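# I'll drop the sequence and a predicted model, then ask my questions.
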Amino acid sequence: QQQVKQSPQSLIVQKGGIPIINCAYENTAFDYFPWYQQFPGKGPALLIAIRPDVSEKKEGRFTISFNKSAKQFSLHIMDSQPGDSATYFCAVGGSQGNLIFGKGTKLSVKP
Amino acid sequence: SQTIHQWPATLVQPVGSPLSLECTVEGTSNPNLYWYRQAAGRGLQLLFYSVGIGQISSEVPQNLSASRPQDRQFILSSKKLLLSDSGFYLCAWAPLGLAGGHKVYFGPGTRLTVT
């Protein structure tokens, strides 16, 4: 059973656009929701994370929106740049276990 | 600051040969340690995790094994590699004891090709 579903699998946007990547989870016990960014040949890097006590968190051009009732959260990248082209992973975590990752979204930002 | 090292960066091994990948973490004590595998174009699969020296938990049955001989050293091994063992192997660490999920930090990875 897939505990976290990430969509879309791939995404192409023009420079300056706002790509949105979505994740949905099953277990209401999860209380930590990070996003990771991975460039080809590199390890994933923690980008931004949110706890369920807030509905939105911004760090620079990256924003997480969180909908607790719908059990969904999303990553928005404002004013996207070609350098943002990477694979993005959502994850869910709780006190009882390890992080569970989504399958990833490959983002391509065209100049 | 904390740093995580993995070596080698790339490795090409024939089927049936042994494997040893090493990971070390600097700048922290008693970390949780993890081994993940990422097949080409795929997600992150947790293979092993460790909460302390000599304590290893396996998430997926396979021909790989892990060991933690020292607090900040994590080793992934195999006695006989299979073609299906090819992939990108990532070591990761997290601070021990964080409640409600924990921040996981990944190393640079080892690209393993089994021929």
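Great, that's in hand.
# quick check: beta-bridge partners of the residue most central in space within chain B?
Nearest to the mean C-alpha position of chain B, counting by CA atoms, centre = their mean, stands B:Trp35 at 2.7 Å. Per DSSP bridges, the residues bridged to B:Trp35 are B:Phe48, B:Cys91.
# contacts only, for B:Val104.
Residues in contact with B:Val104 (CB atoms under 8 Å, 6 or more residues apart in numbering or on different chains) are A:Pro34, A:Leu46, A:Ala91, A:Leu99, B:Tyr34, B:Ala92, B:Trp93, B:Ala94. Just so you know, the C-beta spots here come from the backbone N, C-alpha and C atoms, and that holds for glycine as well.
# ok now do the last one, which residues does it touch?
Spelled out, it's B:Ala94. Going by CB under 8 Å, 6+ apart, B:Ala94 touches B:Pro31, B:Asn32, B:Tyr34, B:His102, B:Lys103, B:Val104, B:Tyr105.
# what helices or strands is the lengthiest strand in chain A leaning on?
Ranked by number of residues, the top strand in chain A under DSSP state E is strand A:86-94. Where contact means 3 or more CB pairs under 8 Å, 6 or more residues apart in numbering or on different chains; DSSP states H and E, strand A:86-94 is packed against strand A:4-7, strand A:20-25, strand A:33-38, strand A:72-77, strand A:97-101, strand A:105-110.
# on that earlier part again, next step: the contacts of B:Ala94 restricted to strands.
The members of the contacts of B:Ala94 that map onto strands under DSSP E are B:Asn32, B:Tyr34, B:Tyr105.
# give me the pLDDT for residue 87.
In the absence of a named chain, this looks at chain A. Model confidence at A:Thr87, expressed as pLDDT, equals 96.
# oops, I was thinking of chain B
For B:Gly87, pLDDT reads 94.
# what's the distance between it and chain A?
B:Gly87 is 13 Å from chain A, where distance means CB to the nearest CB, to the nearest Å.
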